[in-house]
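# When you get a sec, could you give me coordinates for this:
(2 chains)
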Amino acid sequence: MSAPVLDVRSLSVEFESTLGTVHAVRDLSFSIGEGETLALVGESGSGKSTAAMALLRLIPNPPGRISSGAVLLSGRDLMALSEADLRGVRGREMAMIFQDPMMALNPVYTIERQIGEVLRLHLGLSKSEILAEVVELLRLVGVPAPEERARQYPHNLSGGMRQRVMIAMALACRPRLLIADEPTTALDVTVQAQVLDLIHGLKEKLGMAVLLITHDLGIVAETANRVVVMYAGRKVEEGTVGEIFADPRHPYTRGLLGAAKWEEADGDLLREIPGTVPSPFEMPSGCSFAPRCAEAIPLCRGAMPELKDVAPGRQVRCFLAEGRGHG
Amino acid sequence: MRRLTTFWLRYRRNRGAVAGALALAVILALALLGPILYPTDPFDMVGRPFSLPFDRFPLGTDVAGRDILAGILNGGRVSLLIGVLASLSATIIGVALGAVAGYYGGRIDDLLMRTTEFFLCIPSFVLAVVLVAIFQPSVVTVTVAIAVVSWPSVARLARGEFIAHRDREYVQGCRAIGMPDWEIILLQIMPNALPPIIVVSSLMVATAILTESGLSFLGLGDPNLVSWGYMIGVARTVLRTAWWMAAIPGVMILLTVLAINLVGEGLNDALNPRLRKR
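Numbering: from 1, shown residues only, chains lettered A, B, ... in the order given. From the prediction side, this is the model:
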C-alpha cells in the first residue's frame, strides 16, 4: 500500500470535569489508505466519536483537550496547523457526516445555500457556478428533482434526503478523507442501506478514504475493509473485516459479535456482554474490560495488557490472545 | 415572501396584537405628520393659560399658555424617536456582547457576564438619572443613558440563545466545513437566535419611552424639545385645578406603551419557535 491518506499516531483526548480528568481517548493509532474504509467500532462511551472530532480538532476547549498525538493527513500534521490553516483543511480535504441529519442542517437556510457555503468558502465559486455545482452534487447523491430540492428548506426534506444533502455537502470539495459518524443511526432501516450503498459507491468513484464510526457490526461487515475495535478509550483489536469476523481475538470483540448474532442463536434470545462500560472516573486498575470479561485471569486485574502485533496489520490488547496468537 | 405571509397569518391570530399594531400606526402617523399639519410651535405662548380643551384650542393651553395639542404632536416625535433609538442601540450592544459570551464561553463569558451583572445590580432608572445629570440633558445623552441601562437584559437573553445553539450539530457542521467563527455567529446562529430577541427589544421600546418620560418629568429631558414627560412635569403643580393638563400626555404615554406591548406579544406568538408548525 502507498502512503496512507490518514495516519493517526498515539492520539489522546482528555476532558476536565469537576470530578477529575476523563481520558476519553488514549494512545489511539490507526491509518487509512486511499479507497479504504476503516470502521471504528465500539459501544457508546468508548471514545469513537470523540476520536473522530479530534481528527478535525473540533473538541470543545475547555473542557476538552487533545493532550498528545499526531494526525497526519497526506503527511501533514493537523495538530501543528494554525486555526486559519486548519479551516482550509476542514471541509476541503477532510469532511464529516454527522449522526443526525435533522440537527445538522441550519433550519433557516435553503439546501442550496448550505451546500453552497462549502463551495464558497473553499473554492470561491460565483453564485451561478455554485447553483450549477449544487444541483450536480445533489444529482450525484441521488436526490430526485435536484433543481427543485436546492431551493427548499431542511424541514421540507425527509430524513434520508437530508442525510443525502449532508453527504453532498461533505463531498462538495472532493475530500481525501470522509468521516462518517454513525451516518445511518437516525434513519429507517430501508433508508440505511441506501445511504450506505451511496457512501460506498461514492468512495469507489472518488477514491476517498472513509472512516466509518459505528456500533452496528452489520454495517461493518458490509462496508468496511478494516476494523478497529475500541473499548473505554483504547484500541483493543484491529484487523481486516474477514479476520475480525472469522477470528476475533479479544473477548470484547467476541462479545460484540455474539451480541450482534442473536437472531441466529436458537434457545437464548439475546447474548449480551454483562455489565456496562466502566465509569471514566472508576477505571479498573488492570485491563478495563476485565470486570466484564468471562475469560479474565488474575493477571488481567493487575495490569493493562499492551497492544501487541499478532500478525501483519493485526493487533490485539489481551493477555490471553498473546498466548493463543503465538501458540 | 412566503415567510412574510406565514408570519402575518400567525400574527393575525392574536387580535390584541392587531389592535395594538393599528393603534401604534395611528400614533406614529400623528407623530410624523402631526407637526406638519398642525404647525404651531409647542413653546409659543398662543393664548391665555388654563384654557379648557375644545374651547379656543383643540386640547386647551397649559400653565404658560402653550398649545397642548402642539405639545402632544411634537412630544410624540421625541418620545418615539428616543424609545426606538435607545432600544435599537441597547439591542445591538446586548446582542453583540451576549453572542460573543455565549459562543466562546470560558473566560470571555465570565468577564462579559460579570460586567452585565454589575449593570443589572444598579437600579436602572437611578443610573439613567445619574448619567443624564453628568452629561448635560439632550436627545443624544438621554438616548445613550437609556441604552446603557437597557442592554444587560438583552445580553443575557442573547447569551442563553447562543449557548443553546453553539453545540448543535449544524454549528459543528459549519465548523467541520471550515467556516470562520464570525460567520458562524453572524450568519448561522444569529438568524436562529433572533426571534426571542426581536420580541424583547420591541417590548424594550415601551420601557424606554417610560424611562424617557420619567427623566423629562424630573426636568432631565432635552430643554429645547417638548416631550410627554416634560408636559406632565409642568402640569404637576396644578394637578388639582387642571387635571387634564397632565392627563392628556399621560393617556398618550399609556396608549403608546400599551400598543407596543400588544405588538410585542403578537411578535412573540408569531416568532416563538415552540408554536411553529408547518
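# can you give me the strands in the stretch 101-250 of chain A?
Counting by DSSP state E, counting those that start in this stretch, the stretch 101-250 of chain A has strands at residues A:177-181, A:209-214, A:226-231, A:234-240.
# avg pLDDT for the last one?
The predicted model gives strand A:234-240 an average pLDDT of 92.
# Check which helices and strands that strand sits against.
strand A:20-32, strand A:226-231, helix A:251-260, strand A:314-316 (3 or more CB pairs under 8 Å, 6 or more residues apart in numbering or on different chains; DSSP states H and E). Glycine gets a C-beta too; all of them are placed from N, C-alpha and C.
# Next, report how far that strand is displaced from the centre of its chain.
Centroid displacement of strand A:234-240 relative to its chain, using CA atoms, centre = their mean, to the nearest Å, is 14 Å.
# same thing with the shortest one?
Relative to the mean C-alpha coordinate of its chain, strand A:177-181 is positioned 6 Å out (CA atoms, centre = their mean).
# Direction included, what does that strand pair up with?
strand A:94-97 (parallel), strand A:209-214 (parallel) (DSSP bridges).
# what does it contact?
Identification of contacts with strand A:177-181 by CB atoms under 8 Å, 6 or more residues apart in numbering or on different chains yields A:5-6, A:32, A:49, A:52, A:55-56, A:73, A:93-99, A:170-171, A:199, A:203, A:208-213.
# what's the residue of chain B found nearest chain A in contact with, if anything?
Going by CB to the nearest CB, chain A is nearest to residue B:177 of chain B, at 3.2 Å. Neighbouring residues of residue B:177 by CB under 8 Å, 6+ apart: A:90, A:91, A:95, A:117, A:118, A:121, A:122, A:169.
# before we move on, the earlier item: take the strands paired with strand A:177-181 and lay them out in CSV including distance to residue B:94.
Formatted as CSV, the strands paired with strand A:177-181 follow (distance: least, CB to CB, whole Å):
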stretch, distance to residue B:94
strand A:94-97, 34
strand A:209-214, 40
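# Tabulate the ones you listed (JSON lines), appending mean pLDDT.
Listed next are those as JSON lines, based on pLDDT from 0 to 100:
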{"stretch": "strand A:94-97", "mean pLDDT": "90"}
{"stretch": "strand A:209-214", "mean pLDDT": "92"}
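# Just the residues contacting the longest helix seen in chain A, thanks.
Identified as the longest helix of chain A according to DSSP state H is helix A:189-206. Defining contact as CB under 8 Å, 6+ apart, one finds that helix A:189-206 is touched by A:35, A:37, A:97, A:140-142, A:159-160, A:163-164, A:167, A:171, A:174, A:178, A:180, A:183-184, A:187, A:208, A:210, A:212, A:219, A:222-223.
# what's the answer for stretch B:91-111, then?
Under CB under 8 Å, 6+ apart, the answer for stretch B:91-111 is A:62, B:112-113, B:115-116, B:147, B:150-163, B:166, B:181, B:184-185, B:189-190, B:193, B:197, B:201, B:204.
# Please apply the same query to stretch B:152-167.
Outside stretch B:152-167, the residues within contact range by CB under 8 Å, 6+ apart are A:60, B:90-91, B:93-95, B:97-99, B:101-103, B:105, B:109, B:112-113, B:116-117, B:119-120, B:171, B:185, B:189, B:192-193, B:196-197, B:200-201, B:204.
# doesn't residue B:204 fall inside a helix?
Yes - counting by DSSP: H, G, I helix; E, B strand; the rest coil, residue B:204 falls inside a helix.
# pLDDT at residue A:270, what is it?
At residue A:270, the model reports a pLDDT of 62.
# Restricting to C-alpha, output the longest helix of chain A in PDB.
In PDB, the C-alpha atoms belonging to helix A:189-206 read as follows (Å, rounded to 0.1, in the frame of the first residue of the first chain):
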ATOM      1  CA  VAL A 189     -33.600   0.600   8.100                       C
ATOM      2  CA  THR A 190     -34.600   0.700   4.400                       C
ATOM      3  CA  VAL A 191     -33.000   4.100   4.000                       C
ATOM      4  CA  GLN A 192     -29.900   3.000   6.000                       C
ATOM      5  CA  ALA A 193     -29.000   0.500   3.200                       C
ATOM      6  CA  GLN A 194     -29.400   3.100   0.500                       C
ATOM      7  CA  VAL A 195     -27.200   5.700   2.300                       C
ATOM      8  CA  LEU A 196     -24.500   3.100   3.000                       C
ATOM      9  CA  ASP A 197     -24.600   2.000  -0.700                       C
ATOM     10  CA  LEU A 198     -24.300   5.600  -1.600                       C
ATOM     11  CA  ILE A 199     -21.300   6.200   0.600                       C
ATOM     12  CA  HIS A 200     -19.700   3.000  -0.700                       C
ATOM     13  CA  GLY A 201     -20.300   3.800  -4.300                       C
ATOM     14  CA  LEU A 202     -19.000   7.400  -4.000                       C
ATOM     15  CA  LYS A 203     -15.900   6.100  -2.200                       C
ATOM     16  CA  GLU A 204     -15.100   3.900  -5.200                       C
ATOM     17  CA  LYS A 205     -15.900   6.600  -7.700                       C
ATOM     18  CA  LEU A 206     -13.900   9.400  -6.000                       C
END
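# Which positions in that helix come out as buried?
A:191, A:192, A:194, A:195, A:196, A:198, A:199, A:200, A:202, A:203 (16 or more other CB atoms under 10 Å in any protein chain shown).
# and the stretch 1-150 of chain B, which residues reach chain A?
Residues of the stretch 1-150 of chain B lying close to chain A (CB under 8 Å from any CB of the partner chain) are B:105, B:106.
# in chain A, which spans are helices?
According to DSSP H, the helices that chain A contains are A:48-55, A:83-89, A:111-123, A:127-140, A:146-150, A:159-171, A:189-206, A:217-223, A:241-246, A:251-260, A:298-302, A:319-326.
# next one: the stretch 151-278 of chain B
Taking DSSP state H, counting those that start in this stretch, the helices of the stretch 151-278 of chain B run over residues B:169-176, B:181-183, B:190-217, B:228-235, B:244-271.
# Using a markdown table, lay out those together with distance to residue B:51 and mean neighbour count.
Shown next, in a markdown table, are these (distance: least, CB to CB, whole Å; neighbours: other CB atoms under 10 Å in any protein chain shown):
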| stretch | distance to residue B:51 | mean neighbour count |
| --- | --- | --- |
| helix B:169-176 | 64 | 23 |
| helix B:181-183 | 60 | 12 |
| helix B:190-217 | 23 | 22 |
| helix B:228-235 | 14 | 24 |
| helix B:244-271 | 10 | 20 |
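# Can you add mean pLDDT and give those back as a markdown table?
Formatted as a markdown table, the helices of the stretch 151-278 of chain B follow (pLDDT from 0 to 100):
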| stretch | mean pLDDT |
| --- | --- |
| helix B:169-176 | 88 |
| helix B:181-183 | 91 |
| helix B:190-217 | 89 |
| helix B:228-235 | 88 |
| helix B:244-271 | 89 |
